[in-house]
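Asker: Mind folding the following:
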Amino acid sequence: MKKRQYSKAVQVGINILEKVPYSFFAKQDYGVLYNIVWALNYQSKYSEQDILNLFEAIAQKHPSIKQEKVYKEYKQLLEMRAGDNNQIRNWQQKNLEEIIKLASNKNIQVILMTYPAGYTETNEIIRSLSKKYSLPIIDQYHLFEQILTTDSSAKYIEDDEHPSPAGYALMAKHTLQKLQEILP
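Answerer: All right, here's what the predicted structure looks like:
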């Protein structure tokens with residue numbers, strides 16, 4: 001695995017948990033679960049809710065796992081973190097709306113821009129605010145999504161969500177093009 005590819009680390013952990021759940025929950029092996037939770041901190045492709053959904057699916061297939069100490073501890077931890085992240089998303093939306101309103105009240109044109117990779121939930125907030133307030137948006141995520149279907153992500157993305165120098169150059173070119181279309 002290449003450096004700092006945390007979403008791949010989460011995916012590998014998910015695959016292991018799906019294939020051999022008793023190896024981790026029943027044997028009280030904290031290793032894989034610890035690594036999944038640790039990697040969740042450094043990526044944004046998977047949410048705590050995604051892992052909680054996996055836990056629930058595993059528990060549906062293997063009901064006795066719900067009684068295992070490791071299962072209970074990590075489920076509680078993920079539920080707590082999911083709640084915290086919901087609070088953060090609410091703050092993000094509230095703060096962005098406040099910025100939009102303040103700028104609009106001063107007759108400042110607001111142009112929103114998505115993150116190029118990762119930050120799926122934040123990008124959803126940005127897109128919804130663009131629609132809600134009829135604001136132009138520079139969708140870097142969509143650009144990178146298109147580029148990465150035909151080109152190697154290593155060229156444009158350093159890790160799970162941060163652009164490489166070539167990625168930043170692509171963003172700058174795209175931003176300039178979109179600003180020329182948006183601004184009079």
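Asker: Where does the prediction get shaky in this structure?
Answerer: 1-5, 24, 26-30, 41-44, 152-154, 159-160 (pLDDT under 70).
Asker: where does residue 110 land in three-state SS?
Answerer: Three-state assignment for residue 110 (DSSP: H, G, I helix; E, B strand; the rest coil): coil.
Asker: Could I get the contacting residues of it?
Answerer: Residues in contact with residue 110, defined by CB atoms under 8 Å, 6 or more residues apart in numbering, are 99, 100, 103, 104, 133, 135. The C-beta positions use only the backbone N, C-alpha and C, and glycine is treated the same way.
Asker: next one: phi and psi at it?
Answerer: Torsion angles at residue 110 (phi, psi; degrees, to the nearest 10) stand at phi -100, psi 130.
Asker: Would you mind stating the distance between it and residue 182?
Answerer: 11 Å (CB to CB, to the nearest Å).
Asker: Please pick the buried ones from the contacts of residue 110.
Answerer: Taking 16 or more other CB atoms under 10 Å as the criterion, what is buried in the contacts of residue 110 is 100, 135.
Asker: Tabulate the contacts of residue 110 in TSV, adding columns for distance to residue 45 and secondary structure.
Answerer: Output for the contacts of residue 110, formatted as TSV (distance: CB to CB, whole Å; DSSP: H, G, I helix; E, B strand; the rest coil):
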residue	distance to residue 45	secondary structure
99	26	helix
100	27	helix
103	31	helix
104	33	helix
133	28	coil
135	26	coil
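Asker: If we only consider the contacts of residue 110, which is nearest to residue 25?
Answerer: Closest approach between the contacts of residue 110 and residue 25, by CB to CB: residue 99, at 44.4 Å.
Asker: what sits against that closest one?
Answerer: residue 110.
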